[in-house]
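> All I have is the shape, not the residue letters:
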């Protein structure tokens, strides 16, 4: 019995040491997708400040889950379009879809990078279903 208890104790101590040697991060301080250290924050349902781009469009976005955005963009002449997007700690993609029924292009996509919460700006390239393409930039509206 003494031998059995000794073996049991040795196994128990070994397991305790192994599990404490790598228990994963002690907290969640490492930046994660959608962390508050990014441009977009991490809280589902978080409404972002309005963003204005170099075309004068006003973007109203909300965090829809880890790495996901939804919202609207007011394009002015072509109306208010639906937006779905993705983001991580550096990259962003926004797809705006024209559901207004007007004769403007049906969709455009912004792809690029953002500077994080401190800079509150993003930039990259865009393309649309009418064959257009170019550069874009955006920041929190003033």
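Structure's in. What do you need? Predicted model only: the values in this text are computed from it and were never measured.
> low-confidence ranges in this protein?
Scanning the chain for pLDDT under 70 picks out 1-44, 117-119.
> In contact with residue 85, which residues are there?
Under the criterion of CB atoms under 8 Å, 6 or more residues apart in numbering, the neighbours of residue 85 are 61, 68-70, 92-95. Glycine gets a C-beta too; all of them are placed from N, C-alpha and C.
> May I ask which of those residues has the most neighbours?
The most crowded member of those, judged by other CB atoms under 10 Å, is residue 94 (26 neighbours).
> didn't that residue look like it was pressed against residue 110?
Yes: counting by CB atoms under 8 Å, residue 94 does reach residue 110; the two are 4.4 Å apart.
> Now stretch 49-65: buried residues?
51-53, 57-64 (16 or more other CB atoms under 10 Å).
> Looking at these, spot the one nearest residue 130.
Distance ranking of these against residue 130, using CB to CB, places residue 57 first at 15.9 Å.
> What residues does that closest one make contact with?
Residue 57 touches 73-76, counting by CB under 8 Å, 6+ apart.
> Now restrict the residues you listed to buried residues only.
By 16+ other CB under 10 Å, these give 73, 75 as buried.
> Strands - which of the contacts of residue 57 land there?
If you go by DSSP state E, those have 73-74 in strands.
> Next, format the contacts of residue 57 as TSV and append distance to residue 142.
Shown next, in TSV, are these (distance: CB to CB, whole Å):
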residue	distance to residue 142
73	18
74	16
75	19
76	17
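> Between all of the buried residues of stretch 49-65, which two are separated the most?
Using CB to CB, those span at most 21.1 Å, a distance reached by 52 and 64.
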